[in-house]
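In: Build me a model:
(chains A, B and C)
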Amino acid sequence: MSQVPRKEHHAAHHFDDAVQERDAALLGMWLFIGQELLFFGGLAVLYIVMRLQHPGAFVEGSGHLSWKLGGLNTAFLVVSSMTLGLAIRSAKRDEAGKIVPFLGATFLLALSFLVVKGFEYSEKIHHGLVPGKWFSAIGADPSLHVFFGMYFATTGLHALHVLIGMGLLVWLMLRARRGHFHSGYQTPLDLVNLYWHTVELIWIFLFPALYLVS
Amino acid sequence: MESVKTQSLKYYFAVAASILVLVAAALAVHATMKGPVASALTLGLAGLQAVVVVLFSMGLRKEKGFNRLIFVASLMFLGFFIILTLADVLTRGDVAKDEEFNFSIKSPVKPLTGSNHTIDGHPPRHEGRAP
Amino acid sequence: MSHHPDPNASYLESPAGFWPWLKSWLFTLDHKRIGILYFLGIVFSFGLGGFFAMVIRIELLRPHGLMLTHTQYNQVFTLHGAVMVFLFIIPSIPATIGNFVLPLLLGAKDVAFPRLNLLSFYIYLLGAVLAIFSLFSGAVDTGWTFYTPYSTQTGTAVISMTLAAFVLGFSSILTGINFIVTIHKLRAPGMGWFRIPLFAWATYATSIIQILATPVLAITLVLLILERTLGLGIFDPALGGDPVLFQHFFWFYSHPAVYIMILPAMGVMSEIITTHAQKDIFGYRFVAFSSIAIAVISFLVWGHHMYVSGQSLYANMIFSVLTLLVAIPSAIKVFNWVATLYGGHIHWRVPFLYAMGFIFLFLIGGFTGIILALLSLDVHLHDTYFIVAHFHYVMVGGTVMAFVGALHHWWPKMFGRMYSENWARVAFVLVFLGFNLTFFVQFILGSKGMPRRYHNYLDQFQPLHAFSTFGSWVLGLGFIVMTVYLIHSAFRGKKAPANPWESRTLEWQTASPPTTGNFEGTPTVTGGPYDYPRAGAAAGRNGRPE
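Out: Below you'll find the model as predicted:
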């Protein structure tokens, strides 16, 4: 492994020191996570109300989803969170050569998640199990389209967050290659880590809420 | 340069493994049980997974007090949202119950008939409504 | 970003030549310049929204319309509401005055995340462009509330306007995050939590709402767009959805948003009153914590917009009781401002006039709010001009008065120039008078049964409508006078001293206009923000005679 050059970090001019800068960044990120929770929280409220109003549709709709593929995707996200944590560990231990491989593994796992999601989507679209305006499947419950409206809205917004996370991972890999991260500085890694765990957190609830209804 | 203190590799494996065990437990519940209890259990297990992620992966266990407060406060406001919305939705009365189904005006769902009683391998769980 | 300004030169100083000048503004990371950029955007939006308001009032001169079709009328009042709410009033005080003043008040060199700050300005600009695009692509006619199921059916530009509001929401969230982190991490040495000027406390409370309520607006608008394009079946009753649920979602944001509008105005009040009365605030902690209390309670009261929507009676009762709670912290503030005046050395300068105008009009807006919180009365007054008058008394009488007051208070600091005190008084009288002429009669109109958002009305309402329209011309004239003397002042005004009002807060302890680096060295704080010398022997620190 070629030696990665180490680039020292200097705090921006309006901060007293690097500690203050790091604390400010983490505080900002926690606030951002707070707003993410309320954003997806809106979907949670919607889910609760819709499930109360159309219980049969959720049971029937959930039967159309594959818990195997959903479970596989859960595993992808859980392991990707672990590899991202290991990337930070490597930075803290000054093992610069390991940061990019761990970030790359995280990226590939996120990509696998989206690929599986893509297969699921195309299968549902093929059977006409899509939101109301294009819904064309046969069903026992007349509100079945509401379940698939919820399914596509929630998983679609979540997939968008995964996509954004992948963009952030690429940015981190580019910076890591230039030696930006080491025992003296890992703030961007920590911020993306918090974001990525939030994405994982949301999926943890989406999986039983959509795939495991009976 | 001196390294910063880090967790052992075991720590990361243990966190991921415990989440996956909880996921497996939820799948087991799904395979063996039915009804609202099963849903409550699977969502409860998801809650436990979330606690593991928040406390150990995101490190809220060791975070500064105010950062913890932000997280808790966000959940609290979400709780207000859920409770007050349900205060309306659950006490609205039975306008819809006498209808054929809730607000059924133009459902795009094609009703089941004798000739199309299975949909991509999943048997229907209800009797179809009269066409 | 090639321009590296001298930290000890005035922040308004730019490199020579047009393009370098433009670049130094468009890529600036200086919170003061970003505040000025926001100011320009907000003044433009206010002009646009004001234009629509004038069209509405002129149209209502006659009971059966004057120049617009029914659809055009619906579009005009929707655009008036949407532009004024999303483009003007929500960002008005936080983004302009807050950006400019907050770091100075705290003794900081900048906000915590300067690049994020510039980004949030450009997001605001993108939102404004989308809003204007929607104006020319079949202007939306749903009312600014976008209620379903009409908003899923109308042929007008719902998607581009909701997208604009969605984008503007992001700008608001990022500003909120920036301000909370700034207040937490960048206070000058010695500035403990109870030495922070009260404007910062108010900004803090506002930011909490911006961060935790705005995402719900974002998801609501995303879902509305999806409902319109894909037919999710969640809000549209034709597909099995619940239209009242949309109202829950919308007001979970939009009621707290009312406090995004009024809380910073309350913060401005505390600054203006203490400075121009040369007096410590009465009950600092009560004023500070009442801001936080208002922010928290604001999340619990949204259902009072929905008393007649089909919401359950039990929910109505819960929301009615919770709504009455907001009166407590609001009253604490008003009592404390009035108590602050007792025994002060009051200078009746223009910012102070606006502060007094605020208290008077906010009282009327607040008291009618209590009337409307009561179920028995609201069922009659709902969707009448009484509501229109009530929220204009709070938003215009409250927030706009405070915004204009803040503008006059900090104008010498922002531009380093004084304005004409006499012309400013003329403008104040016109605005105050014009506002009351326009809106007070609307209370009467509403209580007599004139519904809001109607294009045609019964002949017997014409005199009151015409009176209101004449009032709006006086109000408009007031703003025109103000625009003229402020533009004159910005270029030709008398040079302002560093501290023309002899204020004690930190932003006045540096040059006017401030240097790019804000302060020479880091200021150290040794006392409270309003430690004025005791005003005469007659009264002591908290107005108690000695």
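
In: is the least confident helix or strand in chain A by mean pLDDT anywhere near chain B?
Out: Sorted by mean pLDDT, DSSP states H and E, the helices and strands of chain A end with strand A:138-139, the least confident at a mean of 88. Yes - judged by CB under 8 Å from any CB of the partner chain, strand A:138-139 comes into contact with chain B through A:Ile138, A:Gly139. C-beta: built from backbone N, CA, C; applies to glycine.

In: Mind giving me the packing neighbours of that strand?
Out: strand B:110-111 (3 or more CB pairs under 8 Å, 6 or more residues apart in numbering or on different chains; DSSP states H and E).

In: Give me the pLDDT value at B:Thr42.
Out: According to the prediction, B:Thr42 has pLDDT 94.

In: Let me know whether it touches B:Ala28 as I believe.
Out: No - in this structure B:Thr42 lies outside contact range of B:Ala28 using CB atoms under 8 Å: 9.8 Å.

In: The two - which one has more neighbours?
Out: B:Thr42 (25 against 13; other CB atoms under 10 Å in any protein chain shown).

In: Regarding that one, which helix or strand does it belong to?
Out: helix B:36-52 (DSSP states H and E).

In: buried stuff in that helix?
Out: B:Ala38, B:Ser39, B:Leu41, B:Thr42, B:Leu43, B:Leu45, B:Ala46, B:Gln49, B:Ala50, B:Val52 (16 or more other CB atoms under 10 Å in any protein chain shown).

In: mind checking the end-to-end distance for stretch C:230-248?
Out: 21 Å (CA to CA, to the nearest Å).

In: Next, see if it gets close to chain B.
Out: Yes - residues of stretch C:230-248 contacting chain B under CB under 8 Å from any CB: C:Gly231, C:Pro237, C:Ala238, C:Leu239, C:Gly240, C:Gly241, C:Asp242, C:Val244, C:Leu245, C:His248.

In: That stretch - what's its average pLDDT?
Out: Mean predicted lDDT for stretch C:230-248 stands at 91.

In: next one: stretch C:304-319
Out: 93.

In: which residues of the stretch 101-250 of chain C fall in helices?
Out: C:114-136, C:150-153, C:158-185, C:198-229, C:243-277 (DSSP state H, counting those that start in this stretch).

In: and the angle from the longest one to helix C:198-229?
Out: Compare the direction of helix C:243-277 with that of helix C:198-229 by axes from the mean of the first three to the mean of the last three CA atoms, to 10 degrees and you get 160 degrees.

In: Check the third one too.
Out: Between helix C:158-185 and helix C:198-229, the angle formed by their directions is 150 degrees, by the same axes, to 10 degrees.

In: just checking, what packs against helix C:158-185?
Out: helix A:18-53, helix C:70-82, helix C:90-91, helix C:99-106, helix C:114-136, helix C:198-229.

In: mind listing what's buried in the fifth one?
Out: With burial defined by 16+ other CB under 10 Å, the residues of helix C:114-136 counted as buried are C:114, C:116-118, C:120-121, C:123-128, C:130-132, C:134-135.

In: The second one too?
Out: Residues of helix C:70-82 classed as buried: C:Tyr73, C:Asn74, C:Gln75, C:Val76, C:Phe77, C:Thr78, C:Leu79, C:His80, C:Gly81, C:Ala82 (neighbour count, 16+ other CB under 10 Å).

In: Next, format those residues as CSV and append pLDDT and distance to chain B.
Out: Shown next, in CSV, are these (pLDDT from 0 to 100; distance: CB to the nearest CB, whole Å):
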residue, pLDDT, distance to chain B
C:Tyr73, 95, 30
C:Asn74, 93, 25
C:Gln75, 93, 28
C:Val76, 94, 32
C:Phe77, 95, 28
C:Thr78, 94, 26
C:Leu79, 94, 29
C:His80, 95, 29
C:Gly81, 95, 24
C:Ala82, 94, 24
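
In: pull the helix or strand with minimum mean pLDDT from chain C.
Out: Result, chain C / mean pLDDT, DSSP H and E: helix C:150-153, a mean of 90.

In: Which one of the helices and strands packed on helix C:158-185 lies nearest to C:Pro329?
Out: helix C:198-229 (10.0 Å; CB to CB).

In: Do that closest one and chain B come into contact?
Out: Yes - applying CB under 8 Å from any CB, one finds helix C:198-229 in contact with chain B at C:Leu212, C:Val216.

In: Let me know the angle separating that helix from helix A:18-53.
Out: Using the same axes, to 10 degrees: helix C:198-229 against helix A:18-53 is 40 degrees.

In: Go ahead and flag the most central residue of chain B.
Out: By CA atoms, centre = their mean, chain B has its centre lying nearest to B:Leu43, at 4.6 Å.

In: coming back round to it: buried residues, the least confident helix or strand of chain C. List them.
Out: Those would be C:Ser151, C:Thr152, for helix C:150-153 by 16+ other CB under 10 Å.

In: Which elements pack onto that helix?
Out: Looks like helix C:150-153 contacts helix C:198-229 (3+ CB pairs under 8 Å, 6+ apart).

In: Would you indicate which residues of the helix it packs on are buried?
Out: For helix C:198-229, by 16+ other CB under 10 Å, it's C:198-228.

In: Packing partners of it?
Out: helix A:18-53, helix A:144-177, helix B:65-89, helix C:99-106, helix C:150-153, helix C:158-185, helix C:243-277, helix C:284-297.

In: So which of these is nearest C:Thr368?
Out: Among these, helix C:243-277 sits nearest to C:Thr368 (CB to CB), with 13.8 Å.

In: on that earlier part again, near chain A, list only the ones from the buried residues of helix B:36-52.
Out: Near chain A, by the rule CB under 8 Å from any CB, you find B:Ala38, B:Ser39, B:Thr42, B:Leu43, B:Leu45, B:Ala46, B:Gln49, B:Ala50 out of those.

In: If any of the residues of stretch C:230-248 next to chain B are buried, put those into a ChimeraX selection.
Out: Burial among the residues of stretch C:230-248 next to chain B is assessed by 16+ other CB under 10 Å; the matching ChimeraX selection reads:
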select /C:231,237,238,239,240,241,242,244,245,248
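
In: Which of the residues of stretch C:230-248 next to chain B sits closest to C:Ala331?
Out: Once CB to CB is applied, the member of the residues of stretch C:230-248 next to chain B that ends up nearest C:Ala331 is C:His248, at 28.1 Å.

In: Provide a list of residues in contact with the closest residue to that closest one other than its chain neighbours.
Out: Closest residue to C:His248 apart from its sequence neighbours, by CB to CB, 6 or more residues apart in numbering or on different chains: B:Thr85 at 4.9 Å. Contacts for B:Thr85 (CB atoms under 8 Å, 6 or more residues apart in numbering or on different chains) come out as A:Val45, A:Val49, C:Leu245, C:His248, C:Phe252.

In: what about 7 Å?
Out: A:Val45, A:Val49, C:His248 (CB atoms under 7 Å, 6 or more residues apart in numbering or on different chains).

In: what's around C:Ile52, how many residues?
Out: Ile isn't right for residue C:52; it's Phe. 21.

In: Wait, a helix at it?
Out: Yes - under DSSP: H, G, I helix; E, B strand; the rest coil, C:Phe52 falls within a helix.

In: hang on, it packs against C:His80?
Out: Yes - between C:Phe52 and C:His80 there is a contact at 3.7 Å, judged by CB atoms under 7 Å.

In: Quick check: C:Ile270 vs C:Lys279, distance?
Out: If you look again at residue C:270, you'll see it is Ser, not Ile. C:Ser270 sits at a distance of 11 Å from C:Lys279 (criterion: CB to CB, to the nearest Å).

In: and if you look at C:Trp508?
Out: 16 Å.

In: Which one's more surrounded, these two?
Out: C:Lys279 (25 against 21).

In: gap between that one and C:Met191?
Out: C:Lys279 is 20 Å from C:Met191, by CB to CB.

In: What number of neighbouring residues does C:Phe380 come out with?
Out: Small correction: residue C:380 is His, not Phe. 12.
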